[in-house]
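# attaching a predicted model along with its sequence, questions to come.
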Amino acid sequence: MLTARKRIRKAVFPVAGLGTRFLPATKAMPKEMLTVVDRPVIQHVVDEARAAGIEHFVFVTGRNKGVIEDHFDVAFELDQTLAARRKTKELEALARELPPAGCTSFTRQQTPLGLGHAVWCARDIVGDEPFALLLPDMLHHGPTPCLAGMMAAYQEAGGNHIAVSPVPEDQTHLYGIVDVENRTANVSPINGMIEKPKQGSAPSNLHITGRYILQPEIFDLLARQERGASGEIQLTDAMIAMLGHDDQPFYAVRFDGTIYDCGSKLGYLAANVAYALERDDLGSALRAELKKLL
Ligand code: UTP
């Protein structure tokens, strides 16, 4: 029998990073607004959260990120113009993608001190309840939306959940890696985790992909503001500290799909091709164009 769990109602989207790998594109525009086909990366990730039943969307923003807030608001003049031109399909598409009024919150990180610090900035808005955390530049593309699968695992086991996916053994030093009880299980208790292990020393080949369900106690650990790798306040360090608490189990939930790191140029380009190829209105024409190029 399932025990009643506290519902996961809120999702946090840290969008305060500088996006230096994408300069000059990100000089005046947030990297989260770069488009994968015809929708900003952040919209794809918000859709994943909505599909998982999230009701409130918390954005941790920074300078030059105001356009993200505008994107999730009604564009009154645009709506009027589209209506006057009888562009019903476009109007409906805009309305469909908009979170309901009162269901978004925006707070500023002020200084990009690291992912852990960005998450901590959401503490008052999240309050004393478990929440989802989605890194917006990691697109999870697969038959089942990643966060929905994690929600199901959370309903079973409670606690904290981290999405993981296998990487080639010789690339584990590039990622956050988990040490799990059972490497092949869909959901497995986590015994430990390590950020970018030295080559040959990783406890598994399962890397942390950027989707989390976390208990609010994480905020107390982040409040210590301890600096880790690169002098930044790291989320992984706080999770490792929390893993040491008896009442805070962590589970790895395997994601069986493809992950595109849209914070890197190659991942971003690959995501555009993959998402466009599966579209009815673009797929076959793009395939023909790609054949010409290759
Ligand atoms: P990244 O390290 O991938 O983002 O952080 P970045 O710093 O913008 O990228 P580069 O390396 O300079 O190109 C992962 C996520 O965490 C957010 C980023 O916006 C991104 O979505 N983040 C990172 C913050 O919100 N604040 C930070 O201080 C750091």
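Yes, it's here.
# which bits of the stretch 51-200 of the chain sit near the ligand?
Selection of the stretch 51-200 of the chain residues close to the ligand by Cβ under 6 Å from any ligand atom yields 60, 109, 112-115, 117-118, 135-137. In this view, the C-beta of every residue, glycine as well, is placed from N, C-alpha and C.
# could you work out the end-to-end span of stretch 17-24 for me?
Distance between the two ends of stretch 17-24: 14 Å, counting by Cα to Cα, to the nearest Å.
# now stretch 51-70
End-to-end distance for stretch 51-70, by Cα to Cα: 22 Å.
# mind checking pLDDT for the residue in the stretch 1-150 of the chain that the ligand sits nearest to?
Using Cβ to the nearest ligand atom, the closest approach of the stretch 1-150 of the chain to the ligand is made by Gly17 at 2.1 Å. Turning to Gly17, the model gives it a pLDDT of 91.
# tell me which helix or strand Gln191 sits in.
Gln isn't right for residue 191; it's Asn. Using DSSP states H and E, Asn191 maps to strand 187-195.
# work out the sheet partners of that strand and label each with its direction, please.
Here strand 187-195 is paired, per DSSP bridges, with strand 176-180 (antiparallel), strand 250-254 (antiparallel).
# list the buried residues for that strand?
187-188, 190, 193-195 (16 or more other Cβ atoms under 10 Å).
# where along the stretch 1-150 of the chain do the helices fall?
Assigned by DSSP state H, counting those that start in this stretch, the stretch 1-150 of the chain shows helices spanning 41-51, 66-71, 76-84, 88-97, 115-120, 123-126, 146-157.
# what's the angle from the fourth one to helix 41-51?
Read it as helix 88-97. Following axes from the mean of the first three to the mean of the last three Cα atoms, to 10 degrees, one obtains 70 degrees for the angle between helix 88-97 and helix 41-51.
# quick one: list the elements packing against helix 88-97.
Using 3 or more Cβ pairs under 8 Å, 6 or more residues apart in numbering; DSSP states H and E, the elements in contact with helix 88-97 are helix 76-84.
# same thing with the second one?
For helix 66-71, the packing partners by 3+ Cβ pairs under 8 Å, 6+ apart come out as helix 41-51, strand 56-61, strand 104-108.
# in a markdown table: the ones you listed, plus mean pLDDT, mean neighbour count and distance to Leu282.
Putting these into a markdown table (pLDDT from 0 to 100; neighbours: other Cβ atoms under 10 Å; distance: least, Cβ to Cβ, whole Å) gives the following:
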| stretch | mean pLDDT | mean neighbour count | distance to Leu282 |
| --- | --- | --- | --- |
| helix 41-51 | 97 | 21 | 16 |
| strand 56-61 | 98 | 22 | 28 |
| strand 104-108 | 97 | 16 | 30 |
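# for those, which one sits closest to Asp246?
Nearest to Asp246, of all those, is strand 56-61, at 28.8 Å by Cβ to Cβ.
# name the residues that touch that closest one?
Strand 56-61 is contacted by residues 9-16, 46, 49, 68-69, 72, 99, 103-109, 118-119, 121-122, 125-126, 131 when judged by Cβ atoms under 8 Å, 6 or more residues apart in numbering.
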